[in-house]
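>>> Model the structure of this input:
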Amino acid sequence: MVTATLVASCLVKKDGKFLLVKAKVGMPKGLWNLPGGHLDEDETFDSAAIRETKEETGLDVSLGKILCIGHQRIDNEVVVVVFPSSSCRGKLKIPKNEIEDARWFSAQEIDNMKKK
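Numbering: from 1, shown residues only. Predicted coordinates:
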């Protein structure tokens, strides 16, 4: 039987820019990625996306319908569900022990990251 790690993420957009975080720990360490993380026991994907976004950015988000579902094999099977934020409130504040940086990027800036 294959067990998968379940991850929920949130695509946060505000004023035409997207929020990315750079993790200090875990598999995405040192990489820009969407706010998100593992589901807690008995947690739904949407509640995990809201919780993880709050923990990693200090922002309160409301979610739209599922944007995409991804699957990858790293050390084990990982299933990622991404939700778009339908609203975003609060002030950006990151936990320094977990997140190195958080910034708003334009779609062009993100596209340029992929080319480097």
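>>> how many neighbours does Ser106 have?
Ser106 has 12 neighbouring residues, counting by other C-beta atoms under 10 Å. Any C-beta I mention is one placed from the backbone N, CA and C, and that applies to glycine too.
>>> And it, how far from Glu56?
Between Ser106 and Glu56 the computed distance is 21 Å (C-beta to C-beta, to the nearest Å).
>>> just Asp46 next, same as before
Distance from Asp46 to Glu56, by C-beta to C-beta: 16 Å.
>>> Name the residue in those two with the higher neighbour count.
Glu56 (24 against 17).
>>> and the more buried one, which of the three is it?
Using DSSP: H, G, I helix; E, B strand; the rest coil, the three-state assignment for Glu56 comes out as helix.
>>> so what's the backbone phi/psi at the closest residue to it other than its chain neighbours?
Closest residue to Glu56 apart from its sequence neighbours, by C-beta to C-beta, 6 or more residues apart in numbering: Pro35 at 4.4 Å. In terms of degrees, to the nearest 10, the main-chain angles of Pro35 are phi -60, psi 140.
>>> and Pro35, what pLDDT?
Note on Pro35: pLDDT of 97.
>>> Do a quick rundown of the strands in the protein.
Along the chain, the stretches classed as strands by DSSP state E are 4-11, 13-14, 17-23, 32-33, 36-38, 60-63, 68-73, 77-89, 99-105.
>>> In the first one, which residues are buried?
Read it as strand 4-11. Within strand 4-11, the residues scored as buried using 16 or more other C-beta atoms under 10 Å are 6-11.
>>> Would you mind measuring from Val79 to Ser87?
Distance, Val79 to Ser87, using C-beta to C-beta: 26 Å.
>>> ignore the last one, His38
Taking C-beta to C-beta, one finds His38 at 24 Å from Ser87.
>>> With Leu34 instead?
Distance of Leu34 to Ser87, computed by C-beta to C-beta: 17 Å.
>>> between the two, who's got more neighbours?
Comparing Leu34 with Ser87 by other C-beta under 10 Å, the one with more neighbours is Leu34, at 22 against 12.
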